[in-house]
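*Asks:* Give me the fold of what follows.
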Amino acid sequence: MRNIWTICRRELYAYFVSPIAWVLLTIFGFLSGVFAYDLSALFVRQSLESQMNGQTFPMNVNEQIVSPLFSNIAVIGLFIIPLITMRLFAEEKRTGTIELLVTSPVRDLQIVIGKWLSSLLLYGALLLILFIDISFLFVYGNPDWKPIATGFLGLLLLGASLLALGTFVSTLTKNQIVAGAICFAASLLLWIASWSSFSNSPIAQFFYQLSIVSHLDSFARGVIDSKDVIYYLSMIFFGLFLTSRSLESLRWRS
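*Replies:* Presented below is the predicted three-dimensional model:
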């Protein structure tokens, strides 16, 4: 555990002494703030218009603000996560420090988990900004906290899965741009697989269940389904397993 935390701290330090973390935090904070403001303003406008027109249809903060906000944040993560993971191993290979890393008295799995954990903590810092945005809803409104809590859990699991995939991709090349592009392409494929829901064929339903975003819907509704949790945990395990095997091959070549 000490080795994992040492590697994790080293990677976090590398994130925050460079512009990477600060740029990502700024971009994410700006976009999440814009989305939260727009959705809240739309909710207030619709509420006022319904009152002026004498309409009494129910207005739900969770359904009209929180759920769409989580969906938008998931899309933002599709672009930001490759930027987080692209340097994890690609930078080590570019600078030549990968040989020192793989020949050190540290297990491959410890290296993989340490680097992945650092990226997950940075992603968690991004979600913390989103939490601040949503906290204003409790100041001026009365949303149900349970769908919000499960929504954050879903975003964390989705992000952890894509981060595990990006960590593996980073071991395949020493070019950070290439690693980021491949990670984005793979994440996009897992994303658009949900479009197959328009067909009822077995193949289409298989791809829909394979989609990484289709398993987020229940979390946004406040439901924790075991099959969705198992899916994300399996994706994390599979990504980290591939990363460990890829790192092991680098160790043998070194």
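*Asks:* Residue 164 - nearest residue in space that isn't next to it in sequence?
*Replies:* In space, and not counting its chain neighbours, residue 164 is closest to residue 239: 2.8 Å by C-beta to C-beta, 6 or more residues apart in numbering. C-beta: built from backbone N, CA, C; applies to glycine.
*Asks:* In this protein, which residue is most central in space?
*Replies:* Nearest to the mean C-alpha position of the chain, counting by C-alpha atoms, centre = their mean, stands residue 159 at 2.0 Å.
*Asks:* check contacts around it.
*Replies:* By C-beta atoms under 8 Å, 6 or more residues apart in numbering, the contact list for residue 159 reads 77, 81, 120, 123, 127.
*Asks:* Could you rerun that using 6 Å?
*Replies:* 77, 123 (C-beta atoms under 6 Å, 6 or more residues apart in numbering).
*Asks:* And for residue 182?
*Replies:* residue 169.
*Asks:* Which residue, other than its chain neighbours, is closest to residue 39?
*Replies:* Using C-beta to C-beta, 6+ apart, the closest residue to residue 39 is residue 65 (4.7 Å).
*Asks:* Can you give me the separation between residue 148 and residue 72?
*Replies:* Distance of residue 148 to residue 72, given as C-beta to C-beta, to the nearest Å: 15 Å.
*Asks:* picking up where we left off before, in what helix or strand does the residue nearest to residue 164 lie?
*Replies:* Here residue 239 sits within helix 226-253, counting by DSSP states H and E.
*Asks:* what mean pLDDT does stretch 19-38 have?
*Replies:* Stretch 19-38 shows a mean pLDDT of 91.
*Asks:* sorry, back to before: any idea whether the residue nearest to the centre of the chain is helix, strand or coil?
*Replies:* helix (DSSP: H, G, I helix; E, B strand; the rest coil).
*Asks:* Ok, residue 174 next?
*Replies:* Here residue 174 is recorded as coil under three-state DSSP.
*Asks:* Which other helices and strands does the helix holding residue 239 contact?
*Replies:* helix 108-140, helix 145-170 (3 or more C-beta pairs under 6 Å, 6 or more residues apart in numbering; DSSP states H and E).
*Asks:* hang on, the earlier thing: give me the pLDDT for the residue nearest to the centre of the chain.
*Replies:* pLDDT at residue 159 comes out at 93.
*Asks:* can you pull the contacts of residue 176?
*Replies:* So residue 176 contacts 86-87, 90 (C-beta under 6 Å, 6+ apart).
*Asks:* if we can go back for a sec, give me the distance between the residue nearest to residue 164 and residue 61.
*Replies:* The gap separating residue 239 from residue 61 is 35 Å, by C-beta to C-beta.
*Asks:* now the helix or strand where residue 80 lies and helix 226-253, what's the angle there?
*Replies:* Assigned by DSSP H and E, residue 80 falls within helix 67-85. Angle, helix 67-85 to helix 226-253, by axes from the mean of the first three to the mean of the last three C-alpha atoms, to 10 degrees: 10 degrees.
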